[in-house]
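> This is a predicted model, with the sequence first.
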Amino acid sequence: MAARKPHVQAHPDCTYKSWGACETAAKVAWGQCKAMVGDKEPRPCSHWAASDSGYCAMHHASEVERVRREERVNAKKSELDGRISDFMEWTRDHPSVWDRRPTRS
């Protein structure tokens, strides 16, 4: 029995005969990258989308990094807000050094 081709082993029900044809069909199905590039006159990215997200590999990576950065900023902000709330809760019942204190007799 002849050895099966790697593409046929990975996609036994695929209608395409090679990896190249299969990948080209996937790129055509996903379409062009939906990111806009250019500073002065934005225009669509000229690369093919690398996944069903609609972004090419470069813009997908930058989108993932943007999301991670937002998550880090939001986590730090919520942690800081929590610390501020805890401090305000603590100072509500705690006497201040500027409050009048009874003098010793």
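Received the coordinates, thanks.
> can you pull out the helices in the chain?
Taking DSSP state H, the helices of the chain run over residues 6-10, 19-30, 57-93.
> which parts of the longest one are buried?
Neighbour-count burial for helix 57-93 flags 59, 60 (criterion: 16 or more other CB atoms under 10 Å). Just so you know, the C-beta spots here come from the backbone N, C-alpha and C atoms, and that holds for glycine as well.
> per-residue pLDDT, residue 81?
You'll see residue 81 listed with a pLDDT of 97.
> check contacts around residue 60.
Residues in contact with residue 60 (CB atoms under 8 Å, 6 or more residues apart in numbering) are 50, 51, 53.
> Adding neighbour count, write those residues out as a markdown table.
Shown next, in a markdown table, are these (neighbours: other CB atoms under 10 Å):
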| residue | neighbour count |
| --- | --- |
| 50 | 18 |
| 51 | 11 |
| 53 | 14 |
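> Tell me which helix or strand in the protein has the weakest average pLDDT.
Sorting the helices and strands of the chain by mean pLDDT, DSSP states H and E puts helix 6-10 at the bottom, at a mean of 62.
> Give me the neighbour count for residue 31.
Per other CB atoms under 10 Å, the neighbour tally for residue 31 reads 11.
> Now it: closest residue in space that isn't a chain neighbour?
Spatial nearest neighbour of residue 31, excluding adjacent residues (CB to CB, 6 or more residues apart in numbering): residue 49 at 5.7 Å.
> how many other residues sit next to the one you found?
23.
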